[in-house]
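*Asks:* This is the structure alone, sequence omitted:
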């Protein structure tokens, strides 16, 4: 599932297909020189911004820590950490499900900065041909179980022009308590495919190695309890070998899209 190019935009009216490595450099090191506008429908302050490096200007989604709305079940000021941790986990698995995301300074202070994915907003999980995209959706379902995603709405699944599936909005993740709420229950109780199982076992090994670069980066973003439960979830999935089933509590986000 290696990503070589990514569909993003140089401006609102200028979609672009950019080499993935170049997009990474812009997101991590570029200067945030302009706010295009505020994304209206989010619970927290979310901005569409421009980031430029060495003449390459790309659009990104910027979620400043100071704009996060307090929640009773997540520590204040940690949602941007979780957005970043979700990307690192997607990267560690080699699945490329989360767009490049970095915790860095911006026009309104520290926050998560995520590459904007060019997509058709009318297309989402409920409009996809689920059989056609089954391998990608299976990975998305396991990814959400790993990160304990409490908010996998249908509209948080994007499809680019290469028919690659992307997951966004990962602020409500990695809670130490069971929080999995998703619309992707198609595979509940079914065996996990062998290739996904192999990736789970590799991730287990990395999480059990305190010196591993991924594990150290995650430990800087999450609490000790959250790290313990992350390891437990991955080990449990690898041991059981089946997709999780809905639990007794709320297991679907609202609204569904």
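*Replies:* Nice, thanks for sending it over. Note that the structure is a prediction, hence the values are computed from the model and not measured.
*Asks:* okay, CA-based contacts and neighbour counts for the rest of this
*Replies:* Fine.
*Asks:* Buried ones in stretch 67-87, by neighbour count?
*Replies:* 68, 77-87 (16 or more other C-alpha atoms under 10 Å).
*Asks:* Apologies, that question was intended for stretch 202-219.
*Replies:* So, applying 16+ other C-alpha under 10 Å, buried residues of stretch 202-219: 203-204, 206-207, 214-215, 218-219.
*Asks:* contacts for the lowest-mean-pLDDT helix or strand in the chain?
*Replies:* Scoring the helices and strands of the chain by mean pLDDT, DSSP states H and E places strand 31-38 at the bottom, with a mean of 88. By C-alpha atoms under 8 Å, 6 or more residues apart in numbering, the residues outside strand 31-38 that reach it are 45-53, 106-107.
*Asks:* Could you export the residues you listed as a markdown table, including distance to residue 98, neighbour count and secondary structure?
*Replies:* Shown next, in a markdown table, are those (distance: C-alpha to C-alpha, whole Å; neighbours: other C-alpha atoms under 10 Å; DSSP: H, G, I helix; E, B strand; the rest coil):
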| residue | distance to residue 98 | neighbour count | secondary structure |
| --- | --- | --- | --- |
| 45 | 20 | 17 | coil |
| 46 | 17 | 21 | coil |
| 47 | 18 | 21 | strand |
| 48 | 17 | 20 | strand |
| 49 | 18 | 24 | strand |
| 50 | 19 | 24 | strand |
| 51 | 19 | 23 | strand |
| 52 | 21 | 19 | strand |
| 53 | 22 | 17 | strand |
| 106 | 20 | 19 | strand |
| 107 | 23 | 15 | coil |
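*Asks:* possible to save those as TSV with distance to residue 62?
*Replies:* TSV is the format used below for these (distance: C-alpha to C-alpha, whole Å):
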residue	distance to residue 62
45	9
46	6
47	5
48	6
49	7
50	10
51	10
52	14
53	16
106	8
107	9
